[in-house]
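A.B. asks: Sequence and predicted structure below; questions after.
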Amino acid sequence: MANPAERHFINSFRKDLINMTREVNQVIDELFDNGVLSQEQYDTIRSKSTKQEQMRELYDYVAGWDEESKDQLYEALRKYNEPLIRKLRGS
């Protein structure tokens, strides 16, 4: 297992991001526009009825992502959910 200090923010705060992300649609729109999500993945995420279900589905894809894709997710989360990211960074 990786040293927690070496873990990507997206992995370190999985539970918090699933439970507290409010602006999911903008995040997945940006990931789709940047080619991180395929049309099928995008549609599957959008089909979920709650933000938490959408984030859980997104995390199913994140598991196979490289650092660059995780960085793009982080930047999209920061852009559209800045108060949450600031809060998590402070913890």
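C.D. replies: Looks like it arrived, so ask away.
A.B. asks: Show the contacting residues for Arg46.
C.D. replies: For Arg46, the contact set (CB atoms under 8 Å, 6 or more residues apart in numbering) comprises Asn25, Ile28, Gln54. The way it works is simple: take the backbone N, C-alpha and C, and place the C-beta from them, glycine included.
A.B. asks: How about the contacts made by the residue nearest in space to the middle of the chain?
C.D. replies: Centroid-nearest residue in the chain, with CA atoms, centre = their mean: Leu73, separated by 5.0 Å. Remark: with contacts taken as CB under 8 Å, 6+ apart, Leu73 is in contact with Ile10, Val27, Leu31, Val36, Leu58, Val62, Trp65.
A.B. asks: Can you tell me the closest non-neighbouring residue to the first one?
C.D. replies: Spatial nearest neighbour of Ile10, chain neighbours left out: Lys70 (4.6 Å); criterion: CB to CB, 6 or more residues apart in numbering.
A.B. asks: And the strands in the protein?
C.D. replies: Listed in chain order, the chain contains no strands at all (DSSP state E).
A.B. asks: What ranges in it fall below the confidence cut-off?
C.D. replies: Along the chain, the model assigns pLDDT under 70 to residues 1-6, 91.
A.B. asks: quick one: Glu30 and Lys79 touch, right?
C.D. replies: Yes. Assessed by CB atoms under 8 Å, Glu30 is found in contact with Lys79 at 7.3 Å.
A.B. asks: So if I had to pick from those two, which one is more boxed in?
C.D. replies: Glu30 (18 against 13; other CB atoms under 10 Å).
A.B. asks: give the contact list for that one.
C.D. replies: Contacts for Glu30 (CB under 8 Å, 6+ apart) come out as Gln72, Ala76, Lys79, Tyr80.
A.B. asks: The same query, at a cut-off of 10 Å, please.
C.D. replies: Contacts for Glu30 (CB atoms under 10 Å, 6 or more residues apart in numbering) come out as Val36, Leu37, Gln72, Leu73, Glu75, Ala76, Leu77, Lys79, Tyr80.
A.B. asks: and the gap between it and Arg56?
C.D. replies: According to CB to CB, to the nearest Å, Glu30 stands 19 Å off from Arg56.
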